[in-house]
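J.: Okay, predicted coordinates and the sequence, questions at the end:
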Amino acid sequence: MPADTPSTSIGTSTGTSIAPPTHDEVMAALATVIDPELGADIVSLGMVPSVDITPDGLITVGVKLTIRGCPLRAEIKKEVESKVSVHPGVTDVKISWGEMNADERTEVMTKARWNARQNAPDTEIPLSCKVLAIASGKGGVGKSSVTVNLAAALAGAGHTVGVLDADIWGFSVPRLLGISDRMEARQVEGSDKPKIVPNERPVGDGLLKVVSTGFLVEEDTALMWRGLMLTKAVEQFLRDVQWGHLDYLLIDMPPGTGDVQMGLARMLPSTSLIVVTTPALAAQKVAQRAADMARRSFLEVIGVIENMSTFTCDHGESYALFGEGGGQALADAIGAPLLGKVPLEAAVAAGGDAGDPVSLHGTGAAADEFRSIAQQILDEIAPPTPAADLDMAGCTAREFDPDDVSVTAVTITR
Ligand SMILES: Nc1ncnc2c1ncn2[C@@H]1O[C@H](COP(=O)(O)OP(=O)(O)O)[C@@H](O)[C@H]1O
Ligand SMILES: [Mg+2]
């Protein structure tokens, strides 16, 4: 069999000509290439639309990236080349790059989330609980104010709402909710370690369960936390707190977009992000950071809230003190809805100082806006798990619900 007619060389090895791998063999090699961010192999993620094999061993692998500028491109290229070229019949490996469309991206993110959920460690957060992390690219935009006001409004609507102050060093939730008691650690049945008990505050027919490092003052409990890394502390809040029943958990995230988000994504992969921003249009960089954060941690951004919007004085005159349009620009940039614009209003700060969130009894525009956002959460973007489904909450099949997919479509398209 002449070596220069490769099409007839299959199954033989004369001279330098070795049969190229089969399609299945190439796919098997590609199935060992893991997308480090999505945590699964590129074949099962649907990132390999085509494999072309020439008789002389040139393999052209089609690889679709979630976004064109994917920073992992070089890494994936190296992995694909090295895994495929292991086969002795391969003479060269080429990659034909493509980009996913919105539907494909939705699908891949759903799979990634699914994988993450399968591998998520145990936490004390019930699976039926809707977890909303309130994040921002930078501090001082009103993240904590938004967190407590939404939590209070949701509790006021009759729900049990956990508030986790994950801004470990810059905690402000205890003051904003007027709670100063020290949290207790208590021996609980079924656990060899004592568990932290959240501080509670009844609100209307609902209940707030609040956890913050601000409640951990000296003595025994503090010992448990001393010297802990930020991420570790948040992990412990999720694992060592006896949360009990929760309809919602609102997490006041530390400013920035780093490790805590990633830790959360690992611990609570079904967390949805709500990004708070100011009206300043110069928020593009922050917007990009928030979008990147969502992509890297594959947490869904389900909404944007603009805070400190147009101030209206007693005479009815309006002033855009911090600019205009930032919330909408950010929402557009990350493909999530703008849930509301909370005006700059003295009552918000005063409510915070008094430990009484304005969303509870306030009559002004800011209070109305907070309540309207909470209503959107309840009605549309993260409705509570219906009581009838609570028993099913542990069933993983639930996690492929169509809502999830449609929310993802909103989030990932950008
Ligand atoms: N809509 C608003 N109107 C007036 N003051 C506000 C508003 N939102 C936040 N503030 C005030 O701005 C400051 C920073 O808010 P905070 O919620 O602590 O921000 P962050 O948690 O992002 O650092 C606080 O003093 C708070 O009372
Ligand atoms: Mg804060």
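T.: In hand now; what should we look at? Ligands and ions are numbered 1, 2, ... in the order given.
J.: Got phi/psi on the residue of the stretch 51-200 of the chain found nearest ligand 2?
T.: When scored by C-beta to the ion, the stretch 51-200 of the chain has S144 as its residue closest to ligand 2, at 3.2 Å. Using the backbone N, CA and C atoms, a C-beta is placed for each residue, glycine as well. Here is the backbone geometry of S144 (degrees, to the nearest 10): phi -70, psi -40.
J.: again with I59
T.: When read as degrees, to the nearest 10, the backbone of I59 gives phi -110, psi 120.
J.: The spatially closest residue to it that is not a sequence neighbour: neighbour count?
T.: Spatial nearest neighbour of I59, chain neighbours left out: V93 (5.0 Å); criterion: C-beta to C-beta, 6 or more residues apart in numbering. V93 sits with 20 neighbouring residues when counted by other C-beta atoms under 10 Å.
J.: pretty sure E184 contacts V197?
T.: Yes. If you go by C-beta atoms under 8 Å, E184 and V197 touch, sitting 5.0 Å apart.
J.: Mind checking which of these two has more residues around it?
T.: Set E184 next to V197 and count neighbours by other C-beta under 10 Å: V197 wins out with 17 against 14.
J.: from what I can see that one touches M183, true?
T.: Yes. Counting by C-beta under 8 Å, M183 is a contact partner of V197 at 6.4 Å.
J.: For V33, see how far away the closest residue to P36 other than its chain neighbours is.
T.: In this structure, P36 finds its nearest non-sequential neighbour in L72, 6.5 Å apart by C-beta to C-beta, 6+ apart. Distance, L72 to V33, by C-beta to C-beta, to the nearest Å: 11 Å.
J.: These two: who's more crowded?
T.: Shown here are L72 and V33; by other C-beta under 10 Å, V33 has more neighbours (24 against 15).
J.: Which strand or helix spans the closest residue in space to the more buried one that isn't next to it in sequence?
T.: Counting by C-beta to C-beta, 6+ apart, V33 lies nearest to E79, which is 4.5 Å off, once chain neighbours are set aside. Taking DSSP states H and E as the criterion, E79 maps to helix 73-84.
J.: So which bits of that helix are buried?
T.: Residues of helix 73-84 classed as buried: 76-77, 79-81, 83-84 (neighbour count, 16 or more other C-beta atoms under 10 Å).
J.: Next SSE downstream of it?
T.: The helix or strand immediately downstream of helix 73-84 is strand 92-99, counting by DSSP H and E.
J.: Can you tell me the SS state at the residue lying closest to S180 once chain neighbours are set aside?
T.: Distances taken as C-beta to C-beta, 6+ apart place P174 nearest to S180, at 6.0 Å, with adjacent residues excluded. Classification of P174 by DSSP: H, G, I helix; E, B strand; the rest coil places it in helix.
J.: got the contact list for P174?
T.: Listed by C-beta atoms under 8 Å, 6 or more residues apart in numbering, the contact set of P174 reads 165, 180, 210, 212, 214-215.
J.: Look at L164 and give its secondary structure.
T.: Quick answer, by three-state DSSP: L164 is strand.
J.: partners of the nearest residue to it once chain neighbours are set aside in the sheet?
T.: Nearest residue to L164 in three dimensions, chain neighbours excluded: I251, at 4.6 Å (C-beta to C-beta, 6+ apart). Beta-bridge pairing for I251 (DSSP bridges): A133, L164.
J.: quick one: I251 and ligand 2, what's the gap?
T.: I251 is 12 Å from ligand 2, where distance means C-beta to the ion, to the nearest Å.
J.: which residues touch that residue?
T.: 131-134, 147, 163-164, 166, 264, 271.
J.: One more pass at 7 Å, please.
T.: I251 is in contact with 131, 133-134, 164, 166, counting by C-beta atoms under 7 Å, 6 or more residues apart in numbering.
J.: Which PyMOL command selects the buried ones in those residues?
T.: The buried residues among the contacts of I251 can be selected in PyMOL (16+ other C-beta under 10 Å) with this line:
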select buried, resi 131+133+134+164+166
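J.: With distance to V26 and pLDDT added, can I get the contacts of I251 in TSV?
T.: TSV is the format used below for these (distance: C-beta to C-beta, whole Å; pLDDT from 0 to 100):
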residue	distance to V26	pLDDT
V131	40	94
A133	40	92
I134	45	93
L164	46	94
A166	44	86
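J.: Point me to the residue of the stretch 301-414 of the chain nearest ligand 2.
T.: Ligand 2 sits closest to G352 of the stretch 301-414 of the chain, with a gap of 10.2 Å, by C-beta to the ion.
J.: Look at that residue and give its secondary structure.
T.: Following three-state DSSP, we place G352 in the helix state.
J.: neighbours of H361, just the number please.
T.: Neighbour tally, H361, other C-beta under 10 Å: 11.
J.: To clarify, my last question referred to P126.
T.: P126 has 17 neighbouring residues, counting by other C-beta under 10 Å.
J.: Apart from its chain neighbours, what residue comes closest to it?
T.: Closest residue in space to P126, ignoring its immediate chain neighbours: L246 at 5.9 Å, by C-beta to C-beta, 6+ apart.
J.: how much space between that neighbour and K209?
T.: Applying C-beta to C-beta, the value for L246 to K209 is 7 Å.
J.: between the two, what contacts are shared?
T.: Residues touching both L246 and K209 (C-beta under 7 Å, 6+ apart): 160, 162.
J.: how far away is P357 from I179?
T.: Counting by C-beta to C-beta, the gap from P357 to I179 is 12 Å.
J.: R68 too?
T.: When R68 is compared with I179 (using C-beta to C-beta), they lie 48 Å apart.
J.: Next to ligand 1, which bits of the stretch 201-350 of the chain? Give me the list.
T.: Within the stretch 201-350 of the chain, the positions adjacent to ligand 1 are 307-308, 342, 344-345, 348-349 by C-beta under 6 Å from any ligand atom.
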